[in-house]
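In: One predicted model, sequence on top.
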Amino acid sequence: MADDVVLEMNETDAADTAVLRIYEVGYHIIPDTKEEELEKVVGALRAEIEKSSGSFIAEGAPSLMKLAYPIFIREGEKSVEYDRGYFGWIKFEAPIAIAQTIEAFLKQNKSFFRFIVFQTVREDTRAKMKAPQLREVKRTDVIKRVPRRVEEVSAPVSEEDLEKALQDITTE
Amino acid sequence: MSNNILTQNDIQHVDYKDIDLLKQFINPHGRIMGRTKSGLTAKQQRAVEAAIKRARFMGLLPFIQK
């Protein structure tokens, strides 16, 4: 009876190593890390994935970004607040058991203060969407500036010319 | 035929890193919009919800906005 259980467990272990799945790991590295050391920190994570016979599909290099809310991490007695971090991600294909291995690795590595490991698809999931552009609206409420008419300065008219003009009007 | 942002732009997968896209599905308080407002299909709504929750956990989106 017990032998059957052991046999079944061995079979499931073998199945776990045979089945490959696509995973993505997203992480935040503490902002105090120097830029030169970032490669070393990420290299350790990459080595851990390779050790578990994982193959890389895509990667996003860590870049410093502001967080939407401060994250508090307990370090011994005190808690440390992080309002920014180096965010990066790696997409890879690996056996099922890797998820736990990677999580355990990231948990014990103090350089990573927040991480996520989840199953995804091989295709590029980033949206190829144009940034929404502001519509051009023709304004109709614009008041056009009309140049003021310059008043014609007329020369003084003589009495004779005036009478002549009046006569012309009346005769018509 | 639904006429939402995902269908219009032919977006098959929703990524938690696409903050600008996800921001269109949260209200000014940071809460996820309902289907009636977002106009998404049930499948799309589930994908957007999962992506927003991942983004929140990773500090890319706020849980609440004051």
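Out: Right, received. Where do you want to start? Residues are numbered from 1 along each chain as shown, chains lettered A, B, ... in the order given.

In: For the rest of this, base every contact and every neighbour count on C-alpha atoms.
Out: Will do.

In: check contacts around B:L60.
Out: Applying Cα atoms under 8 Å, 6 or more residues apart in numbering or on different chains to B:L60 gives the contacts A:L67, A:A68, B:K17, B:I19.

In: Stretch A:98-108 vs chain B: in contact?
Out: No. Under the criterion of Cα under 8 Å from any Cα of the partner chain, chain B is not reached by stretch A:98-108; the shortest gap measures 14.2 Å.

In: Flag every buried residue along that stretch.
Out: For stretch A:98-108, burial by neighbour count (16 or more other Cα atoms under 10 Å in any protein chain shown) applies to A:I98, A:A99, A:I102, A:F105, A:L106.

In: Let's have the contacts of B:L60 in a markdown table, adding distance to A:P156 and secondary structure.
Out: Formatted as a markdown table, the contacts of B:L60 follow (distance: Cα to Cα, whole Å; DSSP: H, G, I helix; E, B strand; the rest coil):
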| residue | distance to A:P156 | secondary structure |
| --- | --- | --- |
| A:L67 | 81 | strand |
| A:A68 | 79 | strand |
| B:K17 | 82 | coil |
| B:I19 | 77 | helix |
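
In: Buried subset of those residues as a PyMOL selection?
Out: Those of the contacts of B:L60 that count as buried under 16+ other Cα under 10 Å are selected in PyMOL with:
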select buried, (chain A and resi 67+68) or (chain B and resi 17)
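
In: All the strands of chain A, residue numbers only.
Out: A:20-29, A:55-75, A:78-95, A:112-119 (DSSP state E).

In: so which of the ones you listed is the most packed in?
Out: strand A:20-29 (a mean of 21; mean count of other Cα atoms under 10 Å in any protein chain shown).

In: List of residues touching that one?
Out: A:62, A:85-96, A:99, A:111-122, B:58.

In: List the buried residues in the helix ranked longest in chain B.
Out: As assigned by DSSP state H, the longest helix anywhere in chain B is helix B:42-57. Going by neighbour count (16+ other Cα under 10 Å), the buried part of helix B:42-57 is B:Q44, B:Q45, B:A47, B:V48, B:E49, B:A51, B:I52, B:K53, B:R54, B:A55, B:R56, B:F57.

In: now the third one, nearest residue through space, not along the chain?
Out: Meaning B:A47. B:V14 (6.2 Å; Cα to Cα, 6 or more residues apart in numbering or on different chains).
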